[in-house]
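K.L.:
Pasting the sequence and the predicted model now:
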Amino acid sequence: MGKSFHPIFCIFLSLLTISYAQDCNTYRFSNNNVYATCIALPVLNSQLHWNYHPTNATVNVAYRQTGVTTSQWVAWALNVGGSGMVGAQALVGLVSSNGSVQAYTSSVTGYGTGLQPTRLSFDVPRVTAEMVNGDVVIYATLVLPSGRTSFNQVWQVGPVSDGAPSIHQMGSANRNSVGTVDFATGQTSADSGNAGGSRRRRRNTHGVLNALSWGVMMPLGAMAARYLKVFKAANPAWFYIHVTCQASAYIIGVAGWATGLKLGSDSTGIQYGTHRNIGIALFTLGTIQAFALLLRPKPDNKYRFYWNIYHHGIGYTVILLSIINVFKGFDILDPEKKWKKAYIGILIFLVVNTLILEAYTWFIVLKRKQEEKREYPGNGYNQSA
């Protein structure tokens, strides 16, 4: 049964994809328009239909967004000079609570856009929209700029608040609704050129660096310090292992933090306040902790007790905040579930080993105390006055 599940699932997925493509090619518009080319866009259950007219460099498009409810907006856009959202020249369909659709154009100048009606960088002689059986269709005629036929494209759907578009969700589908389209050849791709791929790589790099450093290496370094030094043979090796692990984690973590700053500067208007603030706190506490090595008094120094409180307190705080922020990062990046499950598995492994080592450490400590009592009975209390 288990061996047959995978082929059956693949066949089902193939049939579903073929069905969706056939629906794209056979869909009948309410105005009886017929389009020579149709593509099913890879995310957000949307389709793009068009007729290209090379004689006058115009294209008649119909963007279809399925599964739309009232009080939502949909948009499809070309980005003439770049990729992604900023600079996109959008066709917007604003669905009101009564099901009517307002169609207009909007030039997106930043991430904080409200999709206000504006003129585009190229002519749009006609734009209309309708809602039919939960599908919103935007019809438009575009005068293609500079004689070009290939462009980066963006499409999106989001909620309406107080009669105006508000920010869309930030799930994987919403972030990946970019690509390219060539109206002359009919060719499309699911990636908006190198810029989109570069941003995705930076996001993934940021996540991997921080999960590895703050989320794995920091706890391992703390475990080395706590549980290795109970073995006399591990002294002073435990100290160098601890310092090496924590220093490496800090260096890698700073690199991850820097990529996060770059991502933030490239995404003006999109903020993840909690994740950002925890990241800043981790960098600050990690830097303070790095100076602990320089301020470390000798074991017999009277200030060593207070240094230990400072060092351990900041260290455990960093570990706790690190784990919290890794999960915040998972929520933002929304990767495949296997990555989150893998990290949870690593944490479970660390917790189980911590419990075992903690119990063994106390066993060794109590055993040594009993041996010391046998070696020095009464510790002087049984001596006569």
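P.N.:
Yes, it's here.
K.L.:
A strand includes residue 77, no?
P.N.:
Yes. Under DSSP: H, G, I helix; E, B strand; the rest coil, residue 77 falls within a strand.
K.L.:
Residue 339 versus that one, what's the distance?
P.N.:
According to Cβ to Cβ, to the nearest Å, residue 77 stands 31 Å off from residue 339. In short, each C-beta sits where N, CA and C put it, glycine included.
K.L.:
what about these two, which has more around it?
P.N.:
residue 77 (25 against 15; other Cβ atoms under 10 Å).
K.L.:
Pull out the buried positions in stretch 45-61.
P.N.:
By 16 or more other Cβ atoms under 10 Å, the buried positions in stretch 45-61 come out as 46, 47, 48, 49, 50, 51, 52, 57, 58, 59, 60, 61.
K.L.:
hang on, I meant stretch 92-108
P.N.:
Neighbour counts using 16+ other Cβ under 10 Å place 92, 93, 94, 95, 101, 103, 104, 105, 106, 107, 108 of stretch 92-108 among the buried residues.
K.L.:
just stretch 68-88 next, same as before
P.N.:
So stretch 68-88, judged by 16+ other Cβ under 10 Å, has buried residues 68, 72-80, 83-88.
K.L.:
now stretch 137-153
P.N.:
Neighbour counts over stretch 137-153 (16+ other Cβ under 10 Å) mark 137, 138, 139, 140, 142, 144, 145, 151, 152, 153 as buried.
K.L.:
which ones among those residues are found in strands?
P.N.:
137, 138, 139, 140, 142, 151, 152, 153 (DSSP state E).
K.L.:
between the buried residues of stretch 137-153, which is nearest residue 220?
P.N.:
Residue 220 lies nearest to residue 152 out of these, by Cβ to Cβ, at 43.2 Å.
K.L.:
Show me the two of the buried residues of stretch 137-153 that sit farthest apart.
P.N.:
The most widely separated members of the buried residues of stretch 137-153, counting by Cβ to Cβ, are 137 and 145 (24.0 Å).
K.L.:
okay, and for the stretch 101-250 of the chain, where does confidence drop off?
P.N.:
Low-confidence segments of the stretch 101-250 of the chain, defined by pLDDT under 70: 111-112, 190-200.
K.L.:
Okay, strands next: where are they in it?
P.N.:
With strands called from DSSP state E, counting those that start in this stretch, the stretch 101-250 of the chain shows them at 101-107, 126-132, 135-143, 150-161, 164-165, 178-182, 188-189.
K.L.:
May I see these arranged in a markdown table, with distance to residue 359 as well?
P.N.:
Putting the strands of the stretch 101-250 of the chain into a markdown table (distance: least, Cβ to Cβ, whole Å) gives the following:
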| stretch | distance to residue 359 |
| --- | --- |
| strand 101-107 | 63 |
| strand 126-132 | 64 |
| strand 135-143 | 61 |
| strand 150-161 | 52 |
| strand 164-165 | 57 |
| strand 178-182 | 52 |
| strand 188-189 | 56 |
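K.L.:
With respect to residue 231, which of those strands lies nearest?
P.N.:
Set against residue 231 and scored by Cβ to Cβ, the strands of the stretch 101-250 of the chain come closest in strand 178-182, at 54.9 Å.
K.L.:
just the buried residues of stretch 92-108 now: which is nearest residue 228?
P.N.:
residue 108 (55.5 Å).
K.L.:
quick one, phi psi at that closest one?
P.N.:
When read as degrees, to the nearest 10, the backbone of residue 108 gives phi -90, psi 120.
K.L.:
right, and it touches residue 92 too?
P.N.:
No. Contact criterion Cβ atoms under 8 Å: residue 108 and residue 92 do not qualify, at 9.9 Å.
K.L.:
hey, where'd the helices end up in the protein?
P.N.:
Assigned by DSSP state H, the chain shows helices spanning 2-26, 172-175, 193-212, 218-227, 237-265, 273-290, 292-295, 304-333, 337-375.
K.L.:
tell me the most buried of those?
P.N.:
Most buried of the helices of the chain by mean neighbour count (mean count of other Cβ atoms under 10 Å) is helix 218-227; its value is a mean of 20.
K.L.:
List the contacts of residue 290.
P.N.:
Residues in contact with residue 290, defined by Cβ atoms under 8 Å, 6 or more residues apart in numbering, are 247, 250.
K.L.:
doesn't residue 104 make contact with residue 117?
P.N.:
Yes. Counting by Cβ under 8 Å, residue 117 does reach residue 104; the two are 4.3 Å apart.
K.L.:
hey, what's in contact with both of the two?
P.N.:
Shared contacts of residue 117 and residue 104, defined by Cβ under 8 Å, 6+ apart, are found at residue 92.
K.L.:
quick one: residue 152 from residue 107, how far?
P.N.:
Computed as Cβ to Cβ, the residue 152 to residue 107 distance reads 15 Å.
K.L.:
An error on my part: the question was meant for residue 294.
P.N.:
Applying Cβ to Cβ, the value for residue 294 to residue 107 is 54 Å.
K.L.:
returning to what we had before: in strands only, show me the buried residues of stretch 45-61.
P.N.:
Per DSSP E, the buried residues of stretch 45-61 map to strands at 46, 47, 48, 49, 50, 51, 52, 58, 59, 60, 61.
K.L.:
tell me the contacts of the residue nearest the centre of the chain?
P.N.:
By Cα atoms, centre = their mean, the chain has its centre lying nearest to residue 333, at 1.4 Å. Residue 333 is in contact with 203, 204, 207, counting by Cβ under 8 Å, 6+ apart.
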